[in-house]
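Enquirer: coordinates only, sequence not included:
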């Protein structure tokens, strides 16, 4: 069971909409182009991207290169910036996936919804009193296969907010 077909289709779709946006870009304002990017491309890239956790580096590279073509089209006023500076406007695909899992975990723990996710997440119960016992860490289940490591109950503790320090301020500010 691989995700190669889905990544190939998604990459083609993103490149198609990027080319279409490039054709009509001169007639659009920057805010209109950003709105189209969000509705046509970002929505496809973000849809169910948490299932892409643990996918191969080659598939990750394909999606990243599809995303990298967007800043040149959407932000032509920033052409004087280097490619890495333009790309800093969007999270890399790998971090988008981690962010999606971390926010889903946070919302599940904060609201106990959806119940099917809440029921599979287990808090870590140390066998003796430790300083970490007050941090409400999640238990990482033992998985022997790579396919099992892509499951939500494994990926959720592995990409928790504690393990993604760059995401922590955003999630905390969104919760208040």
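Expert: Everything's here; your move. Remember, predicted model here, so these are calculated numbers, not experimental data.

Enquirer: which one's the longest helix in this structure?
Expert: The longest helix of the chain (DSSP state H) is helix 4-24.

Enquirer: quick one: low-confidence residue ranges for this protein.
Expert: Regions of the chain meeting the criterion pLDDT under 70 cover residues 1, 76-89, 124, 131-136, 160-176.

Enquirer: same for the longest helix of the chain, what does it pack against?
Expert: For helix 4-24, the packing partners by 3 or more Cβ pairs under 8 Å, 6 or more residues apart in numbering; DSSP states H and E come out as helix 43-46, helix 57-68, helix 70-74. (C-beta placed from N, C-alpha, C; glycine too.)

Enquirer: how about residue 91, phi and psi?
Expert: Main-chain torsions, residue 91, degrees, to the nearest 10: phi -70, psi 140.

Enquirer: err, residue 138, not the other one
Expert: According to degrees, to the nearest 10, residue 138 has phi -90, psi 150.

Enquirer: now it: closest residue in space, sequence neighbours ignored.
Expert: Once flanking residues are discounted, residue 138 sits nearest to residue 157: 3.7 Å by Cβ to Cβ, 6 or more residues apart in numbering.

Enquirer: how about the helix or strand hosting that neighbour: buried residues?
Expert: Using DSSP states H and E, residue 157 falls within helix 152-158. Of the residues in helix 152-158, 152, 153, 154, 155, 156, 157 count as buried by neighbour count, 16 or more other Cβ atoms under 10 Å.

Enquirer: next, count neighbours for the residue nearest to the fifth one when sequence neighbours are not counted.
Expert: Excluding its sequence neighbours, the residue lying closest to residue 156 (Cβ to Cβ, 6+ apart) is residue 105, at 4.5 Å. With neighbours defined by other Cβ atoms under 10 Å, the count for residue 105 comes to 22.
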